[in-house]
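**Q** Using only what follows, build the 3D model:
(2 chains)
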There are 2 protein chains.
Amino acid sequence: MSPLAQPNGTATGAAAARYSGARVSRVEDARLLTGRGTFVDDVVRPGMLHACFVRSPLARARILGIDASEALALDGVHAVFTAEDLNPDVREQWYTLTGKDVPDTPRPPLAEDEVRFVGDPVALVVAEDRYIAEDAVELVSVDYDPLPPVVDYVTARDAEALVHAGYPRNVAGETAGRPAAELDPIFDGAPVVVRETIYQQAYAPVPMETRGMVAEWSAPDGELTIWAATQSPHEVRLFCSRLLGLPEHRVRVVMRDTGGGFGQKVMPLREDMCVMLAARKLPAAVKWIEDRRENLMSAGKSRHEHGDARMAFDADGTILAAAMDFVQDVGAYPTPWPVGTAGVIGMLFPGPYRIADATFSSTCVFSNTTGRAAYRGPWQFESVAREVLLDIAARRMGMDPADLRRKNLLKFDDLPFSNPNGMGVYTDVTPLETFEHGLTMLDYDAFRREQKRAREQGRFLGVGTCSYVEPTTAGMNLLSTEGATIRIEPSGKVNVYVSGGSSGNSIETTVVQLTADALGVDIADVNTVQGDTAVTPFGGGTSGSRSGSMTAGAVAETASVLRERMTAIAAHCLEAAVGDIDLIGGRAAVRGVPSAGMSVAEIAQIAYFQPDALPPGTPPGLEASGRYRAREPMIWTNATHVCTCEVDPVTGAVTILRYIVSEDCGPMINPNVVEGQIAGGTVQGIGGALYEHLAYDEDGNPVTTTFMDYLLPTAVEVPAIEYGHLETPGPGEGGYKGVGEGGAIGAPPAVVNAVADALAPFGVEITRLPITPESIVALVRGAQRTVTG
Amino acid sequence: MSPLAQPNGTATGAAAARYSGARVSRVEDARLLTGRGTFVDDVVRPGMLHACFVRSPLARARILGIDASEALALDGVHAVFTAEDLNPDVREQWYTLTGKDVPDTPRPPLAEDEVRFVGDPVALVVAEDRYIAEDAVELVSVDYDPLPPVVDYVTARDAEALVHAGYPRNVAGETAGRPAAELDPIFDGAPVVVRETIYQQAYAPVPMETRGMVAEWSAPDGELTIWAATQSPHEVRLFCSRLLGLPEHRVRVVMRDTGGGFGQKVMPLREDMCVMLAARKLPAAVKWIEDRRENLMSAGKSRHEHGDARMAFDADGTILAAAMDFVQDVGAYPTPWPVGTAGVIGMLFPGPYRIADATFSSTCVFSNTTGRAAYRGPWQFESVAREVLLDIAARRMGMDPADLRRKNLLKFDDLPFSNPNGMGVYTDVTPLETFEHGLTMLDYDAFRREQKRAREQGRFLGVGTCSYVEPTTAGMNLLSTEGATIRIEPSGKVNVYVSGGSSGNSIETTVVQLTADALGVDIADVNTVQGDTAVTPFGGGTSGSRSGSMTAGAVAETASVLRERMTAIAAHCLEAAVGDIDLIGGRAAVRGVPSAGMSVAEIAQIAYFQPDALPPGTPPGLEASGRYRAREPMIWTNATHVCTCEVDPVTGAVTILRYIVSEDCGPMINPNVVEGQIAGGTVQGIGGALYEHLAYDEDGNPVTTTFMDYLLPTAVEVPAIEYGHLETPGPGEGGYKGVGEGGAIGAPPAVVNAVADALAPFGVEITRLPITPESIVALVRGAQRTVTG
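**A** Have a look, this model is predicted:
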């Protein structure tokens, strides 16, 4: 089967699918575009108090004492909590996403004895309003004894100063593949070996809505209610229940709208813990809303890493082996478990290529900076290292990078193919096919001709690509199931409940579409309720590009019970065979007898109000709760990004000309949503390649704590993205494979390669991100000096 | 089987029942007793507006014009709506409780053209706060043309003036049994015929919390959210959806705590409609909270009726036939369908007695007073007419009333017995048994001796009883099913969802008890979520004493699925036979092997997180949605009330000495709750017999619109009630038969009979309620005049 032959097919097998695959408008938009969304900061509770953190101004210091007396004397200040007050209340501290048994790094809610990065929370001030709380923070006097900080993670491994005294070295963990020596014969004997160390800067998700929480303890009931900005309300509930030793059903977590997460809101972090712990000691709800400075200073960073990457090639460009020694900065307080994703980076380094031999090592290094946290495709560096190295290799070998890739990329017919680092078996992916599709969309040869003409005019155009395969983690951890409850109400209207929650990923629209198709009703007749743990079934939330495929499974599993019941009722009433009933257009119709049928509303009336009219053995009502179990631990998805740009070697300015994403996430539930996901991720990836940098000075002071310093791409910098879709079904429900993270994975190398291709005439290579104008100017000048010097 | 033999048995058959039948403390109390309940008036929404009604000061008048200009000019007034604005938007106006097809009386949201009682809503003022709204109400100028009102319902039937011009007479409807002439031979030939016309005054539920609603329209989403004080959130949702022509799933009704309903909050009334209609025209939420004056003037009345009651007796006291011609005041705008309950009053008149022949007629008469509305046991007058008549008959025949009853009361062994008016077949009731049990509790003979001694001392003691059978309406209308969703969460804690809602009937406690038993877990591990239509399955709410028995069915139906799944998982893991697994104490234990077992939490961990460890064919998760279907249209329940009192014939003061309720509502889920229900109803019945009177003057002006005028019994007037319980299982789930209404049905005749018994030496009979001190003094003086005159 050629995947290219089915550009818009669906794998649901439901002939009645009206909405799956269609560009349905987002149901979230009505409220969001009219300003009626409910974000955490919109939550107001009676007598609500406001919290602010006292944070460390030093990267590393001993805390000699904290004097809160002046703050407490300020009118309107309710409490000042320190580690002494909150930390002893911690019972358990593990996340469902990573499981109880991963070896974890320390995670005190408030700093104990020592601060470990600038922004480390030291105390929590609670006051009547935010203004007073902010003023009171200034009045809390902390006596610090400064210590020399470990700022540079590259040298941290062997530094004398220790970020955590409990570790013999500044190493959180290490993993490795087969002994590198086993590959020596290949590398030693290969006609060509290319080796580069590629560095990526720290950057971060920076969601439009910062972190935040309102927590309200009801002592009489022993119940804690939390309004959270989160990607996973059930994770927050279970985590909180463990943290405080409260029964799960006495914690309610409500999320309505969350203004982006991108990994940052996938697990409650230290500040969230502080608010949970403090809430139980307060007489009213407490609100904490992170400000932007705090978000950039303390909400975690990602992508700060480098890899010594190498590949061995045959003379014709065939890749013989691949290896990488990878080092990652996990800061002082990483979210768990960076060692795991660091390992994945190493394992995925061979990517979508026909590489038989590979190995890797991965090392996670502590530093006195903000902790490493999840970010959309947390293993994304694998693509940077590989794809940048491949372009460098092509240039060294005098080949067009496209030709080098064509020679090595896996195609659908090569599958199944085992990842040479033991990361599993690739199935249902189309690396070569999406690559060719992307180049065709660009007209690669025409671009090369245009590039040549431009160079003759002194203009420097470049093209870069990135091809990757991505494991979406539907079944990989404790979150391998997903539940749905569906109620067809007495009037025939439908309510569908999934754990979900709108963090920008359109999961409400997705659920409404899938349910309407599964029940054969109009999409306007379906409502979805999500994001409230007291209301929705347990589910894994948004992470690992799982929510689409898992929720699809939950809806399908549950709807099938109701389809069967509706069909039975209709067959009974219409005196037809069950097999002759079609549910379509809000009606149960008898196949071949257009006049015979009844509406879903009529079926519901019988189910609820006329149980005597039900067929024997059919229960009354039209409600079901079901749960889907992922069929595979991982689902593989893939894409190729193609970027063209023009670089001004004098100013260092990079202008992206075209940006093409040719992807294969399986059948699309909603092309608008798929493209929205890709666009968002791609823009983040472009930001990572060119603009964003969560930078520290030598003393460990963060220097990019405002949007004047931390540069996000805006509409001006980002081109209209062009999309190409293959739709090869995967093994899960509906064949959906997941698309949430891919954009952010594919974009950085495509941009780097495009810039490097543009600058090829100068004989320079780019091995350090981000590619700032200064860095380009410096590279070009350096190359010119080398040439002329 | 003697029902007396099973005083505390349960009919669930579950050997593991730890909580059903136990005096479990109410789970509602933690929040209510600490002032953390959420009543409608506690709901605050952003920019919320406040509504007040302009009400008619006249009982009957044409509206010539309404000038709202002065009100609209007041700063802060947002809108003034009249019938022209709101009434045309009404689409459908029927209730699920009564069905679409009952012939209904008019029910305009706001008065059109004519006002029909003092308090009739004429306009709705909406302003920024309640103070401004109240002021603006005074500024709305309504030009009335007064018309002669129809105040006295007794003469209304043949009055010239018509309450509703569309009716030929002031009659809303009539029903009747077999032709009275058929009974003439019995009455003509009977040794004794007793005939009295017995009058009952208007009184009302007067819940502690008045009516109220917050309604918020979200135009972008087309969604209406309603926070309501209601007994049935799903009724409010469906009604509103029909009223406004909105899809059911776009209306969300939330109730949290409701401070009593007693029938008044079972259906949305005209004011509720106005708020729903107005909300769609307003940019923010609108709150309407009824004040006490409005509640007493406009929320409806009940019990205003009389019956020409007669019975034929054999010489030994055996009842040969019973008949009643019954007339009911339905006011101007009754809730539907008074004709139905008026018919039930006639049909139930023979009550729990072995009466072979009977008939009745029932007439519903309009008047220019507030509409008749449901009230706890809306057919309650049947007991007043019968039981008062029986005591009069006993005195006429020179028999002790107890002996007369003993001769005629049905006993368990007489069943099944067909109601002679075709009201169905009594099963599972114990009229004679509860009667004897009640008299034994009192020591009736001892009381008679004490009464005799007291009379010799010039003190007048009396004893009265009332025995009744009551049909609870589990399966009688569209609400013959009830749903539950149960989720055993990943930690093994339980959330159970039923439509329910706490209106004082402890339904939360009931559900938690039943669920804990059904799943074999600790009660503290169960939480219930109720009262929010977006969250809970459709259900019928609280009416007709149905919620206990129906919810028990829903929980049992749903829990059985989870029991089966948990048992399968445990058997698989413990390598035991499914039949050997007991779920008890939060554990699955292997019978006979005390050491072998696993906790529900461990089972849940497997169900959610280790689906590979599930037995083949067992779905993951522990969630189920089920729906119970009532097994019978009606369930019969019964009780005997016994009251003793002392009456001061000089002052007319009545002091209740002892009050005994000997009842049989089937197995008790929670004796505290059963007794709480009985106590509440009994106090209302005592109020109805002695104190409460929703009175009008001759012009139709209400004269009891404050608690200074409308007299509620307080703790001072009410004795400690003594309870006796038989527990004869009924035909529904668990054998539960319903107890919510009975207290209010049984108390008035018991009190009347006790007072009349006390006054027997004066040769007076009481045939008019309430028994005020004046009325007693007048009766005694009248009798003394007769004797001495």
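
**Q** How about the residues of the stretch 451-600 of chain A by chain B?
**A** A:478, A:480-481, A:483, A:485, A:487, A:489-491, A:493-495, A:524-527, A:529, A:532, A:534-535, A:537-538, A:557 (Cβ under 8 Å from any Cβ of the partner chain). C-beta: built from backbone N, CA, C; applies to glycine.

**Q** can you check the stretch 251-400 of chain A too?
**A** So the stretch 251-400 of chain A never meets chain B (Cβ under 8 Å from any Cβ).

**Q** quick one: the strands in the stretch 251-400 of chain A?
**A** For the stretch 251-400 of chain A, the strands defined by DSSP state E, counting those that start in this stretch occupy A:251-254, A:286-289, A:305-313, A:319-331, A:357-366.

**Q** re the thing from before, if any of the residues of the stretch 451-600 of chain A next to chain B are buried, put those into a PyMOL selection.
**A** Those of those that count as buried under 16 or more other Cβ atoms under 10 Å in any protein chain shown are selected in PyMOL with:
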select buried, chain A and resi 478+480+481+483+485+487+489+490+491+493+494+495+525+526+527+529+532+534+535+537+538+557
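
**Q** what does the stretch 601-750 of chain A have sitting close to chain B?
**A** For the stretch 601-750 of chain A, the contact set with chain B under Cβ under 8 Å from any Cβ comprises A:608-609, A:611, A:619-621, A:623-629.

**Q** residue ranges with poor pLDDT in the stretch 1-150 of chain A?
**A** For the stretch 1-150 of chain A, residues meeting the criterion pLDDT under 70 lie at A:1-16.

**Q** re earlier: neighbour count says what about the residues of the stretch 601-750 of chain A next to chain B? Which are buried?
**A** Applying 16+ other Cβ under 10 Å to these, the neighbour count classes A:608-609, A:611, A:619-621, A:623-629 as buried.

**Q** Quick check: phi and psi at the residue positioned nearest the centre of chain A.
**A** When Cα atoms, centre = their mean is applied to chain A, the residue found nearest the centroid is A:Arg376 (2.8 Å). Backbone torsions for A:Arg376, taken as degrees, to the nearest 10, come to phi 0, psi 100.

**Q** residues contacting it?
**A** For A:Arg376, the contact set (Cβ atoms under 8 Å, 6 or more residues apart in numbering or on different chains) comprises A:Pro205, A:Phe262, A:Gly263, A:Gly681, A:Gln684, A:Gly740, A:Glu741, A:Gly743, A:Ala744, A:Ile745.

**Q** switch the cut-off to 7 Å
**A** A:Pro205, A:Phe262, A:Gly263, A:Gly681, A:Gln684, A:Glu741, A:Ala744 (Cβ atoms under 7 Å, 6 or more residues apart in numbering or on different chains).

**Q** got the buried residues for the one helix or strand in chain A whose mean pLDDT sits lowest?
**A** Scoring the helices and strands of chain A by mean pLDDT, DSSP states H and E places helix A:773-788 at the bottom, with a mean of 88. By 16+ other Cβ under 10 Å, the buried positions in helix A:773-788 come out as A:Ile776, A:Val777, A:Leu779, A:Val780, A:Ala783.

**Q** what's next to it, contact-wise?
**A** In this structure, residues lying in contact with helix A:773-788 by Cβ under 7 Å, 6+ apart are A:Val647, A:Pro649, A:Thr651, A:Gly652, A:Ala653, A:Leu759, A:Phe762, A:Gly763, A:Val764, A:Arg768.

**Q** Separate out the buried members of those residues.
**A** Neighbour-count burial (16+ other Cβ under 10 Å) is assigned, among the contacts of helix A:773-788, to A:Val647, A:Pro649, A:Gly652, A:Leu759, A:Phe762, A:Val764, A:Arg768.

**Q** Farthest pair within those?
**A** The distance between the two most remote of these (Cβ to Cβ) is 17.2 Å, for A:Pro649 and A:Arg768.

**Q** Near the closest residue to chain B within the stretch 651-789 of chain A, how many residues? Count them for me, please.
**A** Residue of the stretch 651-789 of chain A nearest chain B, by Cβ to the nearest Cβ: A:Glu733 (13.7 Å). Neighbour count for A:Glu733, taken as other Cβ atoms under 10 Å in any protein chain shown: 23.

**Q** how close does A:Asp42 get to B:Val590?
**A** Going from A:Asp42 to B:Val590 by Cβ to Cβ, to the nearest Å gives 52 Å.

**Q** quick one: which of those two has more around it?
**A** Neighbours per residue (other Cβ under 10 Å) separate A:Asp42 from B:Val590, with B:Val590 holding more: 19 against 13.
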